[in-house]
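Visitor: Got a sequence here, can you build the structure:
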Amino acid sequence: MDTIISHSETFPRIEHLQKRVARLRRLAKKYKRSEIIQNALLGISNIATQVTSLDDFYQRVHLHLQQLIPAENFFIASQDAKTGLTSLPFFADQQDSHPTELYPDQEISALLNSGLTGYVLRNGEPLLCDDNKFNELIASGDIKSLGSPSHQWLGVPIKTKDVVSGVLVVQSYNEANTYGELELELMGFICHHISGVMERLEHHQQLEQAIVERTKELSQAYEKVKQEVTERVKAEKLQKTLFEIADLSASNVLQQDFYLRLHAIISQLIPANNCFISLIDKNNMLSFPFYVSQMTAEYPASRPMQDGLTEYILQHKLPRLFSAKDISTMVSLGEIYAKSPELNKTDRMHQWIGIPLIINGEVAGALTIYSLDDAHIYQLKDLELLTFVSQHMANAIERKLAAESLKNSHELLEDKVVQRTMALAELNNNLQKEINQRRKMEDQLLYDAQHDGLTGLPNRSYLMERLSQALKHLRRHGLDQFALLFIDLDRFKVINDSFGHLEGDRFLIETSQRIKSCIRDNDTLARMGGDEFVILLDSINATEDAVEVCERILQILSMPYQLAKQEFISGASIGVAFSGRNKLVTSESLLRDADAAMYQAKANGKGCFVIFDNKLSAKSKLQHDLEIEFKQALEQQGFKIHYIEVVDFNTGEIIAIEPQVEWHHLKQGIIDHSKMKRLAAQYQLTLNLDAYMFGHLNEHFQSIKQRYGTNIDLHLSISSQHIKNKFVLRNLKNTIKGSNIDLRKLILFFNEQALMQDTENHINGFELISQLDVQIGIDGYGTGYSSLSCLSFLPIKALKLDEDISKHLLNDKQLQLVKAYQLTAQTLNFDMYATTIDTQQQVRQFLELGYMRGQGRAISKLFNEKKKPHKSCA
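Guide: Numbers count the residues shown, from 1 in each chain. The predicted model follows:
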């Protein structure tokens, strides 16, 4: 019984022990596998820090990976970040060949991207794929079936800086080998190391590339420095050679020693084992003062000029480098040694250099060097070097040959030196005179650029510079002040019209002298043009100083003038502006204030002065606002155009129309054409206003023809600014050529006064415009600016009287003068037009004076009434 109990207790213990043993074996196996995994991972980590290339890393990773998981079927795909192309840097598969062998007709990148590898590259997530997952991806169109079917496919993305750069893949074709989370984790660990190795190797590669580039740069720099050193050594050697040649030419050595030393100097630059110098004497004989050759030790005898190589150089007068082939070709062609074959000793020559020696400006000999083998190959740079040295050699030979003649002509040379010295001294004196004269001319040009040609006073440019300096002084010395006086002479136009421009010039000169006598030496009087003068009163103490000067000027200008033996009373209007009114004052604004005050003085009755104040400032602001509104209206085409009709007095027919511009201003009412032209000139928008009117004519040309007929002429008065600048003139030509107007019907009128002020530009401009079939006219005629001789050679079609002439038909002399204008136009075959005919009496007067055409309000009214139908008496 005891035995039975004992056995029954023993079996459970054995079974328990067996279970514990099995468990311990499993743990031991597990620990062993963990140890293997740990060692493999440590090995992979060590590899990652040691490898120098990805290929080596992939091979060794594959060996370690096989210890952990079934990895006989293993490959790595890599995607280039720049090109996006996918490649297989490592591939090991026991089942399938390399994809390039399986699919030779397909590109590897497209092939990989279409399969599971491309799927992982696109999604950036690990993929453990079995048959079900594989079929599901094929069905969804995400991948294509490639290669042999596998039991399991595990791919893990390789990421560099969170960007997928490749895929690590293992495949299992055996159902006994399966992958799970452990394999996925191991693959991720390996991918991390691959990424790190890729970054490290890429950095290493970039570093190596940078080192290579830097080494290349340093090498190039070294070669450049080396080349510079070589060139400098050559230059120093060449310079030394030239010095030696110069010293040799000045030495008293014997002739034979002279040429031997010359040969030694040449040999320092270039191998010259075979060298000779030939010279031509007065009898045209060729001699050889120096000869050294490896072929013979005998000196050649002097001989007449024949057809050898030396004669070839002397004849062509150019340095030449010949090869043996060149010499053979020349011999075969009969260019050399055809008449003297006995002189031909060139059969052993490898290369031959011949350089003519220029002495006294003529070819007097030659330097020859040749080689018998290829121990040294002569090049073009050697030819150039010898050519350069030969010039100095020729000079040395020339000095040597001329030593005796130099000694005999020493006294003559001294006389020539004295003469030359005297000539140079005279030349220096003349040059100094020319320099002084040029300085005077430059000073005069500067003076002329800053002064008025008539009165000699400073002009606007000088005044603005002086005014700018005064303002700068005022900013540094705030307690100082100055005044600006703007003077406009009264009745100046009457002087020109009544006495002529010569007397008008005398009047301006005397007026400038009178005004100058009223101011101090430190004040500045400038003529702005026409009859306008400006005075800068510098450093005044109070307003009364300027007032006192104004009163003196008004008093002295009111005194009579003697013009054309007649007494004439003039006067002036003066505007005064002070510097201290506004801290933001500028040269232009101060001049504008004085100008505004002057206009107010003229409005007050002339012969007085007005000081610029707040009231005038407000008025000036209105003028400024008007300028802005004018520009806006011009840009927005807010001006109106109406047409003045030009009529034939005899028939009443409208023969031409002239556009007139006006502005319907909201506050100032209608601003007529004359004031519009003045405003445009004041705002420097004359060219823009002309373009506005021309554009209107161009746009409405068809409607004008429908209204007035096809034979109607178009008169357009434009500014001479269009022909003072070649770019503006080119713009005018392009505008005319690009228009729809019948150019044969267009007459462009230019002002007579502007014509005489710049005749040359007008002549050139008229010639270019006439080439476009456009006719030229002169308006404002009769003010005395132009002469008959001037008008006779210009391509002018018509003359149009000045607008003020019709207002002065008051006595016989004026009527005779206006009649003379008509006779002038008739003599020169010009069409003459009267203007501003506002009364019926003026119509009759112009008809009696022989005028057949004209324009004005009275003409329009008269001929409009003629056109009305007569009422029936019934």
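Visitor: where along the stretch 401-550 of the chain do the strands fall?
Guide: In the stretch 401-550 of the chain, strands defined by DSSP state E, counting those that start in this stretch lie at 483-489, 524-529, 532-537, listed in chain order.
Visitor: Give me the residue at the spatial middle of this structure.
Guide: The chain has residue 727 as the residue nearest its centroid, 18.0 Å off, counting by CA atoms, centre = their mean.
Visitor: coming back round to it: return the most buried member of the strands of the stretch 401-550 of the chain.
Guide: With neighbours taken as mean count of other CB atoms under 10 Å, the strands of the stretch 401-550 of the chain reach their highest mean count in strand 483-489, at a mean of 25. C-beta here means a position set from N, CA and C on the backbone, and glycine is covered the same way.
Visitor: I'd like the mean pLDDT over it, please.
Guide: The average pLDDT for strand 483-489 rounds to 93.
Visitor: Output that strand as CSV, restricted to C-alpha atoms.
Guide: Extracted C-alpha coordinates of strand 483-489, given in CSV (Å, rounded to 0.1, in the frame of the first residue of the first chain):
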residue,chain,number,x,y,z
ALA,A,483,13.9,140.4,-50.7
LEU,A,484,13.1,139.5,-54.3
LEU,A,485,11.8,142.2,-56.7
PHE,A,486,10.1,141.1,-59.9
ILE,A,487,10.0,144.0,-62.4
ASP,A,488,7.9,144.1,-65.6
LEU,A,489,8.4,147.0,-67.9
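Visitor: mind listing what that strand pairs with, with the direction of each?
Guide: Strand pairing for strand 483-489, determined by DSSP bridges: strand 532-537 (antiparallel), strand 572-578 (antiparallel).
Visitor: Need the strands of the stretch 401-550 of the chain in JSON lines (columns: distance to residue 605).
Guide: Compiled in JSON lines, these are given as follows (distance: least, CB to CB, whole Å):
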{"stretch": "strand 483-489", "distance to residue 605": "13"}
{"stretch": "strand 524-529", "distance to residue 605": "23"}
{"stretch": "strand 532-537", "distance to residue 605": "19"}
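Visitor: Among the ones you listed, which comes closest to residue 457?
Guide: strand 524-529 (4.6 Å; CB to CB).
Visitor: ok, the closest one: who's next to it in the sheet?
Guide: Here strand 524-529 has these sheet partners by DSSP bridges: strand 532-537 (antiparallel).
Visitor: can you list contacts of the strand it pairs with?
Guide: The contact list for strand 532-537, computed with CB atoms under 8 Å, 6 or more residues apart in numbering, reads 457, 463, 466-467, 470, 482-489, 511-512, 515, 519, 523-528, 545-546, 549, 591, 594.
Visitor: follow-up on the earlier one: list just the one of the strands paired with strand 483-489 that sits closest to residue 649.
Guide: Nearest to residue 649, of all the strands paired with strand 483-489, is strand 532-537, at 39.8 Å by CB to CB.
Visitor: What mean pLDDT does the helix or strand hosting the residue nearest to the centre of the chain get?
Guide: Following DSSP states H and E, the helix or strand that holds residue 727 is helix 726-737. Mean pLDDT, helix 726-737: 91.
Visitor: helices and strands around that helix, which ones?
Guide: helix 686-699, helix 759-770 (3 or more CB pairs under 8 Å, 6 or more residues apart in numbering; DSSP states H and E).
Visitor: Now do the buried residues in stretch 54-67.
Guide: 54, 57-58, 60-62, 64-65 (16 or more other CB atoms under 10 Å).
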